[in-house]
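> I need the structure of the sequence given here:
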Amino acid sequence: MLSHGGRGPGPGALGGSAAPDGILRRQAQRESAARTYARSLPIVPVRARGLTIEGADGRRYLDCLSGAGTLALGHNHPVVLEAIRAVLDSGAPLHVLDLATPVKDAFTTELFANLPPELAADARIQFCGPAGTDAVEAALKLVRTATGRSGLLAFTGAYHGMTAGALDASGGAPDVRVTRLPYPQDYRCPFGVGGPKGAELGARWAENLLDDPKGGVPAPAAMIVEPLQGEGGVIPAPDAWLRRMREITAARGIPLIADEVQTGVGRTGAFWGVDHAGVVPDVMVLSKAIGGSLPLAVIVYRAGLDVWAPGAHAGTFRGNQLAMAAGTATLAFVRENRLAERAGALGERMLTALRGLASDQPCIGDVRGRGLMIGIELVDPDTGTAAPALAAAVRQECLDRGLIVELGGRHSAVVRLLPPLTLTDEQAAAVLDRLADAIPAAAHRPR
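Sure, this is the predicted structure:
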């Protein structure tokens, strides 16, 4: 009789009788101190569908984290499950390195059908390791190979992943060969003016720095930008400013990389974040939602940049067949059901409601976002300074009410909402109601 590798799952591994307290205790004992979400969300999910997660203790939660934006269609959407089952039932190989398969061909075809047409007409795709940060590394390696230059233009507040090169391009990097440019924002404008004027000053600063022979800028291989900064505090790039970045880079022969890992696949109210501004980048970095809840990451770029040698960027798990099948189903469902437009309209209504709440809650400094990527900055009402402890209290009050949210921003003082694009009007109202209870409850906690 063939062995199946020893003992099967222990009691409760698939939602059975194991006590959630014991599972959480063993996690704390065994897992790395680097674990993150598990610290602030001490729940043991055993079932999920759409917006809802059920914990091992029987409690239900509305999930407005959505796998940090990965779950465009929410948990276990039927079209995703059907696509995965179809591959499993077909007997197709699940591991194929970077060989061509019908599953990969279908994914690439659907992805290209949704790209900005000007890019799709002249594009190449590189399948990377399964995480978005690896796709960022691939993009940086690509442009440095193609241009022969090593410098990089990035922005304050940026977040591009946790590997070395991606961290270098992110806002907290301490010692790198990256030129940091100001990212425009209204609420905490680096120039103190906000609005179109603040964005224009940032663009002029970038242009002047690049053209200044004494500016100290290493010859840039690329500029990398998020169309909306997520971890930076849910800050949308103004459309006119993003167009200026495209003009500035194009005029100087600098490839423009758009990091669409979190903003892609309808999240911001357009299929891609750059679509709002009508910008066509030279490279797009894609992950999260493109895998339909499973690990997948790619870069798509202009054919003229495709100068690297075979094996220049490789990885054993580039050919995730289940993720490609799930991704194809997700991309097609978002396109066919116009979920980007739906996210834009519903997100605008939620932003309006939250701004109404802010008028009655002085601890809400700012409400901002685009589509279903929403941020609420919590502040000290007396000083206007960021209030991370209050934001953490709001997160806990939300969890106590069965609502999962996370924090972001420079000081972890921004409550972030990333609900699935399938969010209904009724579910949106429930999310807003729980937030409207949680924020004043947190504000009145003894501190």
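
> Any stretches of the stretch 151-300 of the chain with poor pLDDT?
In the predicted model, the stretch 151-300 of the chain carries pLDDT under 70 at residues 172-176.

> Would you map the strands across the stretch 151-300 of the chain?
When secondary structure is read from DSSP state E, counting those that start in this stretch, the stretch 151-300 of the chain shows strands at 151-155, 178-181, 220-225, 228-229, 235-236, 256-259, 283-286, 298-302.

> As TSV, these with distance to Leu351 and mean neighbour count would be great.
For glycine as for every other residue, the C-beta is placed from the backbone atoms N, C-alpha and C. Shown next, in TSV, are the strands of the stretch 151-300 of the chain (distance: least, CB to CB, whole Å; neighbours: other CB atoms under 10 Å):
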stretch	distance to Leu351	mean neighbour count
strand 151-155	23	24
strand 178-181	27	19
strand 220-225	23	26
strand 228-229	13	25
strand 235-236	11	26
strand 256-259	23	28
strand 283-286	26	28
strand 298-302	30	24
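
> can you redo those strands as CSV with distance to Leu111?
As requested, the strands of the stretch 151-300 of the chain are exported to CSV (distance: least, CB to CB, whole Å):
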stretch, distance to Leu111
strand 151-155, 26
strand 178-181, 29
strand 220-225, 20
strand 228-229, 21
strand 235-236, 24
strand 256-259, 15
strand 283-286, 8
strand 298-302, 7
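
> what ranges do the helices span in the stretch 151-300 of the chain?
When secondary structure is read from DSSP state H, counting those that start in this stretch, the stretch 151-300 of the chain shows helices at 164-169, 195-211, 239-251.

> tell me which residues in the shortest one are buried?
If you call a residue buried by 16 or more other CB atoms under 10 Å, then helix 164-169 has these buried ones: Gly165, Ala166, Leu167, Asp168, Ala169.

> Distance to Leu228 for the helices of the stretch 151-300 of the chain - can I get that in CSV?
Output for the helices of the stretch 151-300 of the chain, formatted as CSV (distance: least, CB to CB, whole Å):
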stretch, distance to Leu228
helix 164-169, 16
helix 195-211, 14
helix 239-251, 10
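
> now, of those, which is deepest in the fold?
Per-stretch averages of neighbours, counted by mean count of other CB atoms under 10 Å, single out helix 164-169 among those, with a mean of 20.

> Might you report the residue contacts of Gly291?
Thr70, Pro130, Ala297, Asn320, Ala323, Met324, Ala326, Gly327, Thr330 (CB atoms under 8 Å, 6 or more residues apart in numbering).

> what about the third one, how many neighbours?
Counted with other CB atoms under 10 Å, the neighbours of Ala297 add up to 30.

> do the same with the second one
The criterion is other CB under 10 Å. On that basis, Pro130 has 19 neighbouring residues.

> list the contacts for the closest residue to it other than its chain neighbours?
Taking CB to CB, 6 or more residues apart in numbering as the measure, Pro130 lies nearest to Pro295, with 3.3 Å between them; neighbours along the chain are not counted. Contact criterion CB under 8 Å, 6+ apart gives Pro130, Ala131, Phe317, Asn320, Ala323 as the residues in contact with Pro295.

> show me the contacts for the third one.
Neighbouring residues of Phe317 by CB under 8 Å, 6+ apart: His95, Gly129, Pro130, Pro295.

> Specify the local secondary structure of it.
Look at Phe317: counting by DSSP: H, G, I helix; E, B strand; the rest coil, its state is coil.

> Repeat that for the last one.
Per three-state DSSP, the secondary structure class of Ala323 is helix.

> That one contacts Leu296, correct?
Yes. In this structure, Ala323 sits in contact with Leu296. The criterion is CB atoms under 8 Å, and the distance is 3.9 Å.

> Mutual contacts of these two, please.
Pro130.

> State the next helix or strand along the chain beyond the host helix or strand of Leu390.
Following DSSP states H and E, one finds Leu390 within helix 388-400. Using DSSP H and E, the helix or strand that directly follows helix 388-400 along the chain is strand 403-404.

> returning to what we had before: higher neighbour count, Ala323 and Leu296?
Leu296 (30 against 23).

> Contact partners for the more buried one?
Here Leu296 is in contact with Pro130, Ser287, Ile290, Asn320, Ala323, Met324, Gly327 (criterion: CB under 8 Å, 6+ apart).

> backbone phi and psi for it, please?
Taking degrees, to the nearest 10, you get phi -160, psi 140 for the backbone angles of Leu296.

> Now do it against Ala28, distance only.
Noted for Leu296: a distance of 30 Å to Ala28, by CB to CB, to the nearest Å.

> Phe127 now?
Distance from Phe127 to Ala28, counting by CB to CB: 36 Å.

> With Arg416 instead?
Distance of Arg416 to Ala28, given as CB to CB: 25 Å.

> So the two - more neighbours on which side?
When Arg416 and Ala28 are compared for neighbours, Arg416 comes out ahead with 24 against 13, by other CB under 10 Å.

> Could you spell out the sheet neighbours of the strand or helix carrying the more buried one, each with its direction?
In this structure, Arg416 sits in strand 414-417 according to DSSP H and E. Strands adjacent to strand 414-417 in the sheet, as given by DSSP bridges, are strand 373-378 (antiparallel), strand 406-408 (antiparallel).

> Between the contacts of Leu296, which sits nearest Pro362?
Pro362 lies nearest to Ser287 out of these, by CB to CB, at 38.2 Å.

> quick one, what contacts Ser150?
Applying CB under 8 Å, 6+ apart, one finds that Ser150 lies in contact with Arg144, Arg177, Pro218, Ala219, Ala221.

> of those residues, buried ones?
Neighbour-count burial (16+ other CB under 10 Å) is assigned, among those, to Arg144, Ala221.

> how near is the residue positioned nearest the centre of the chain to Glu82?
Computing the C-alpha centroid of the chain and ranking residues by CA atoms, centre = their mean puts Gln262 first, at 2.1 Å. According to CB to CB, Gln262 stands 26 Å off from Glu82.

> and whichever helix or strand Leu111 is part of, how far out from the chain's middle?
Secondary structure from DSSP H and E places Leu111 in helix 102-114. How far helix 102-114 lies from its chain's middle: 21 Å, per CA atoms, centre = their mean, to the nearest Å.

> And stretch 289-298, by the same measure?
Between the centre of stretch 289-298 and the centre of its host chain there is 11 Å, according to CA atoms, centre = their mean.

> Also stretch 136-146?
In terms of CA atoms, centre = their mean, the gap separating the centre of stretch 136-146 from the centre of its chain is 20 Å.

> cool, stretch 215-235 as well?
For stretch 215-235, the gap between its own C-alpha mean and the chain's C-alpha mean amounts to 15 Å (CA atoms, centre = their mean).

> shift numbering so it begins at 55
OK, 55 is where the count begins now, so the last one is stretch 269-289.

> End to end on that stretch, go ahead and measure it.
When the termini of stretch 269-289 are compared using CA to CA, to the nearest Å, they are 27 Å apart.
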